[in-house]
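# Structure for the following, please:
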Amino acid sequence: MFDEGEEIGMVGFFRDLREIRRLEQQFADQARLLHEHKMISLGRLSASVVHELNNPLAGILNYLRLMIKIMNRGSLNREYTKKFQKYLTFVESETDRCSKIVSNLLAFSRKSELKINEVNITELLEKCIMLGRHKITLQNIRIKTELDPDIPKVLGDFSQIQQCVINLIFNAIDAMPDGGTITLRSSSDPGKGLVKIETEDTGCGISGEDLHQIFDPFFSTKTEGKGLGLGLSTVYGIIDRHKGTISVESELGKGTVFTIILPAVKKEFPET
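All right, here's what the predicted structure looks like:
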């Protein structure tokens, strides 16, 4: 501080950054935990996808071997030409199917910053089913879909919302070791501007005493070694960051329903 050019004092400003640093560390820990949980989900998905790829690849290989065998016999007649067209159409469709499965798996595994875009819920749910289909079929589980074709889009990160739905599907599978039915539903409430995603299973259900703490970190109803208790708390955190809610209804022996509610993208009407 100066008075007519003469230094008469000094003023210092001090700011306690400990709380800011603590919040920064907490955010970093959450991001790390989110990615670690995604890697756990990826491991479970990979085992399923290996089998999911095996079936179309085995079919492709068999048809290609058959075509080579026929070609080695000599020139192709009209009958074989028609068969080859049919075989090649099958090979093309199954190769495209394999490509989509691998692309979805790579997109899911990629570590990225939160990317907020308009998310097509129907497309997201169909990709979740594709990635988990073999595991579902292998455990004698039937999957039903009740999807609203006109459901509005939501604003969010496609990969993170997909992670939530896949986690709920895997939990449903674990709750039905002897088989059952998983139902995926989507609907909307235009009046309130909300989108609803439901996963329902016919599994063992959750007791009333466990239900209130199902979203707590490190709480798990699974036997020791079967789960870390981070799945549902991670799902809760993701949905909360998307300004949505997740709730659960369950009864022992009668199954469980998880309901995700997210704000729909607001439609802007052109000025008249």
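# Name whatever forms a beta bridge with the residue nearest to residue 206 when sequence neighbours are not counted.
Leaving aside its chain neighbours, residue 206 sits nearest to residue 250 (4.1 Å; criterion: Cβ to Cβ, 6 or more residues apart in numbering). (Each C-beta comes from the backbone N, C-alpha and C, glycine too.) For residue 250, the beta-bridge partners under DSSP bridges are residue 256.
# Can you show me the helices along the protein?
18-71, 78-109, 121-138, 158-174, 208-211, 231-241 (DSSP state H).
# JSON lines for those, including mean neighbour count?
Converted to JSON lines, the helices of the chain look like this (neighbours: other Cβ atoms under 10 Å):
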{"stretch": "helix 18-71", "mean neighbour count": "14"}
{"stretch": "helix 78-109", "mean neighbour count": "14"}
{"stretch": "helix 121-138", "mean neighbour count": "19"}
{"stretch": "helix 158-174", "mean neighbour count": "23"}
{"stretch": "helix 208-211", "mean neighbour count": "12"}
{"stretch": "helix 231-241", "mean neighbour count": "20"}
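# Is it possible to get CSV of those that adds mean pLDDT and distance to residue 260?
Shown next, in CSV, are these (pLDDT from 0 to 100; distance: least, Cβ to Cβ, whole Å):
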stretch, mean pLDDT, distance to residue 260
helix 18-71, 72, 16
helix 78-109, 77, 18
helix 121-138, 84, 10
helix 158-174, 87, 7
helix 208-211, 80, 17
helix 231-241, 81, 6
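# In a markdown table: those helices, plus distance to residue 184.
Below are the helices of the chain laid out as a markdown table (distance: least, Cβ to Cβ, whole Å):
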| stretch | distance to residue 184 |
| --- | --- |
| helix 18-71 | 16 |
| helix 78-109 | 16 |
| helix 121-138 | 6 |
| helix 158-174 | 8 |
| helix 208-211 | 22 |
| helix 231-241 | 15 |
